[in-house]
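# can you look at this prediction? I've put the sequence above it.
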Amino acid sequence: MTDIALRGVDGLKVDYLALVRRRRMYSGLLLVLFVALLAGGFGLADSRNAGGFWGGLTQIFDFPVELMREAIDKGAALPANLWRYLPAMIETINIAAVSTLLGAVLAVFLSLLSTRGLARWPRLMPLFRRVMDTMRAIPEIVIALVLIFVLGGGPVPAMIAIAFHTAGALGKLFSEVNENADLKPIEGLSSVGASWFQRIWLGVLPQVMPNYLSYALLRFEINVRASAILGFVGAGGIGAELRVAISWGTGRYDAAAAIFLLLFLTIVAIDQLSSHVRNRLVGGH
Amino acid sequence: MLKILKVTRRFGKKIAVDGVDIEIGDGQMVGIIGRSGAGKSTLLRMINRLIDPTEGAISYADREVSALRGAALRAWQRDCAMIFQQFNLVPRLDVVSNVLHGVLNRRSTLSTVFSLYPTEDIHTAIDILDRLGIADHAAKRVEALSGGQQQRVAIARALMQDPKVILADEPIASLDPMNAQIVMDTLRRIHDEDGRMIVCNLHTLDTARRYCDRVVGMRDGAIVFDGVPDELTTSVARQIYGAGESFSEASTSTSIEVLEPIREPVREPAYAV
């Protein structure tokens, strides 16, 4: 009450309005800066562009239209094509699933070791964080290329590359989930004399499991796409087929369309599965 | 005049509010008492239209508010402020911003999204905070305040709405006795000075008796008592709470003065060695 006694409520009003004005000025400045950067950056990027943005704008849809036209012309071949590429799709899904699983398990440990308040060795937290940063920083395609060179082509290098990246990416997301976990149950378990592993297993995991699961399933989706891309560089699966089908002028756009359709259906299936499983887990009956 | 006509609310097979029929005159301060699950909260939430009645009608000043939709419904919610047990403020925003939320219905969405409130609104908000004795905390984040202070911010938000009716759903259930008294004194003062209608869910008898002009008792979704505080005898209270002979008012009281020494607590069998 001392402040009021000295300056009265009018003083408070003046102070608060000054605060409001300052906040508005900062937001305004940020907005101007943002627009200026966007406009400036666009100009630079456009000047370096080989073709030019405005000239190319009208041709953006040329390739998809050609692809669609050819695919529709050969529409009768679609079921046969879907059947033909299904094994390759399954191989890609397998790569994605195994790498997501391995990556997620590693991510759980890394995240628990690098979350404030939960870490087993609080002093080593920065180390585990840097490990995860490194895992995220190296593009999976680089790891895959190196491994393909060493181990030869095939699904195993792709799996290792994706799992490595997944561990880093999920570890970061999981540790953010952990930070939002309620510490009261853990305190409760400490009070009965539980060990670190018991506290984590019985106090933290039940809270964070639904979020872990939905992040892991989102990552599974991303990994399906990543493993398809790695197929382009010799890791097998649907990517290898897509590379052949989508090359210009080979007249195999019907096959490319079938592969896109398979990828789309896979993502839809994972999304449906994800929300179904998550609802079951959160509902918890 | 707030009229509640044969209002029923079902959740699946469960009946939360069962044919409630009651009229509340302008400027009354009414306390609704009853044990947990008696339907007190559901009734208030239906008046504010956070949930809709399954059957029956609610009307204010001869306008059926239970039939309103869209903008008209939001205008009613502006006129009928609600105060919650857990305050329901935005913890990361400062106190004045939370109070300014009271004018959201009157101002355009675009200007409020960018926090561009008129200066006179900000002045009004700080005046209200000053009236409730918390103007000192104007620029602090709400999460930095104590429970009692947060509840007064919530009351300030309600006053910012300039409402005709104030509904309070267990406003003191999460507060310690000292803060509970400050919050109830504040509500009573608003009632006495502004003449606004206040309907307040309470779970302690002595609070209802001390602050309200009229007490309504609910049990299993129906009204079982409606009268002045003096008519609220111990036997009536036992009936409202469905309690036996062991029921003692002092054991549930949160007031500082009324406490008489409570008799030796009966031990749970498992611990009575």
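Yep, it's here.
# where does chain A dip in pLDDT?
A:1-7, A:51, A:248-249, A:251, A:283-285 (pLDDT under 70).
# domain ranges for it?
A:2-57, A:63-283 (automatic domain parsing).
# quick one, longest helix in chain B?
helix B:177-194 (DSSP state H).
# show me what it packs onto, helices and strands only.
Contacts defined by 3 or more C-beta pairs under 8 Å, 6 or more residues apart in numbering or on different chains; DSSP states H and E place helix B:177-194 against strand B:29-33, helix B:147-160, strand B:165-169, strand B:197-201, helix B:205-211. To be clear about C-beta, it is placed using only N, CA and C from the backbone, and glycine gets the same treatment.
# at 10 Å instead, please
Applying 3 or more C-beta pairs under 10 Å, 6 or more residues apart in numbering or on different chains; DSSP states H and E, we find helix B:177-194 packed against strand B:29-33, helix B:119-131, helix B:147-160, strand B:165-169, strand B:197-201, helix B:205-211.
# dump the residue contacts of B:Arg45.
B:9, B:16-17, B:51-52, B:82, B:84, B:167, B:169 (C-beta atoms under 10 Å, 6 or more residues apart in numbering or on different chains).
# which residues does A:Ala36 contact?
Contact analysis of A:Ala36 by C-beta under 10 Å, 6+ apart lists nothing.
# mind telling me what element it is part of?
A:Ala36 is part of helix A:2-48 when elements are defined by DSSP states H and E.
# tell me the angle of that helix relative to helix B:119-131?
With axes from the mean of the first three to the mean of the last three C-alpha atoms, to 10 degrees applied, the angle from helix A:2-48 to helix B:119-131 works out at 140 degrees.
# please compute how far helix A:2-48 lies from its chain's middle.
Per C-alpha atoms, centre = their mean, to the nearest Å, the displacement of helix A:2-48 from the mean C-alpha position of its chain is 33 Å.
# next one: stretch B:228-244
Between the centre of stretch B:228-244 and the centre of its host chain there is 21 Å, according to C-alpha atoms, centre = their mean.
# next: stretch A:161-171.
10 Å.
# for B:Gly244, which non-adjacent residue is closest in space?
Of all residues not flanking B:Gly244 in the chain, B:Arg238 sits nearest, at 7.3 Å (C-beta to C-beta, 6 or more residues apart in numbering or on different chains).
# highest mean neighbour count out of the domains of chain A?
Looking across the domains of chain A with neighbours counted as mean count of other C-beta atoms under 10 Å in any protein chain shown, the highest average goes to domain A:63-283: a mean of 18.
# so for chain B, the centremost residue is which one?
B:Ala168 (0.9 Å; C-alpha atoms, centre = their mean).
# and that residue, what's its pLDDT?
The model reports B:Ala168 with a pLDDT of 95.
# close to chain A: what parts of chain B are there?
B:94-97, B:114-117, B:119, B:122-123, B:125-127, B:129-131, B:133, B:135-139 (C-beta under 10 Å from any C-beta of the partner chain).
# list only those of these flagged as buried.
B:94-97, B:117, B:122, B:125-126, B:129-131, B:135-138 (16 or more other C-beta atoms under 10 Å in any protein chain shown).
# still on that earlier bit, how many residues are close by the residue nearest to B:Gly244?
B:Arg238 is flanked by 15 other residues according to other C-beta atoms under 10 Å in any protein chain shown.
# check which helix or strand it maps to.
Taking DSSP H and E as the criterion, B:Arg238 maps to helix B:234-241.
# flag every buried residue along the longest helix of chain B.
B:179-184, B:186-188, B:190-191.
# out of the residues you listed, the closest to chain A would be?
B:Ile182 (14.1 Å; C-beta to the nearest C-beta).
# what sits against the closest one?
Contacts of B:Ile182 (C-beta under 10 Å, 6+ apart): B:132-133, B:148-149, B:151-152, B:172, B:175.
# can you say which of those residues are buried?
The buried subset of the contacts of B:Ile182 - by 16+ other C-beta under 10 Å - is B:132, B:148-149, B:151-152, B:172, B:175.
# ok, which stretches of chain A are helices?
So, for chain A - with DSSP H - the helices run A:2-48, A:53-57, A:62-73, A:78-113, A:125-137, A:140-151, A:155-179, A:184-191, A:196-199, A:205-230, A:238-246, A:253-283.
# roughly how far does the nearest residue to B:Thr207 once chain neighbours are set aside sit from B:His191?
Nearest residue to B:Thr207 in three dimensions, chain neighbours excluded: B:Met184, at 6.1 Å (C-beta to C-beta, 6+ apart). According to C-beta to C-beta, to the nearest Å, B:Met184 and B:His191 sit 11 Å apart.
# any residues in contact with both of these two?
Joint contacts of B:Met184 and B:His191 (C-beta under 10 Å, 6+ apart) are B:200, B:211-212.
# export those residues as JSON lines, with columns for pLDDT, distance to A:Gly40 and neighbour count.
Listed next are those as JSON lines, based on pLDDT from 0 to 100; distance: C-beta to C-beta, whole Å; neighbours: other C-beta atoms under 10 Å in any protein chain shown:
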{"residue": "B:Cys200", "pLDDT": "95", "distance to A:Gly40": "59", "neighbour count": "27"}
{"residue": "B:Tyr211", "pLDDT": "93", "distance to A:Gly40": "63", "neighbour count": "20"}
{"residue": "B:Cys212", "pLDDT": "93", "distance to A:Gly40": "65", "neighbour count": "26"}
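# ok, the nearest residue to A:Gln207 once chain neighbours are set aside - contacts?
Using C-beta to C-beta, 6+ apart and skipping the chain neighbours, the partner closest in space to A:Gln207 is A:Ala181 (4.8 Å). A:Ala181 makes contacts with A:115, A:117-118, A:203-208, A:211, as judged by C-beta under 10 Å, 6+ apart.
# please repeat the previous calculation with a cut-off of 8 Å.
A:118, A:204, A:207-208 (C-beta atoms under 8 Å, 6 or more residues apart in numbering or on different chains).
# from chain B, how far out is it?
In this view, A:Ala181 and chain B are 18 Å apart by C-beta to the nearest C-beta, to the nearest Å.
# got it, and A:Gly40?
Distance, A:Gly40 to chain B, using C-beta to the nearest C-beta: 24 Å.
# quick one, phi/psi of whatever residue of the stretch 151-285 of chain A ends up closest to chain B?
Scanning the stretch 151-285 of chain A for the residue nearest chain B gives A:Asn180, at 14.1 Å (criterion: C-beta to the nearest C-beta). A:Asn180 adopts backbone torsions of phi -90, psi 0, taken as degrees, to the nearest 10.
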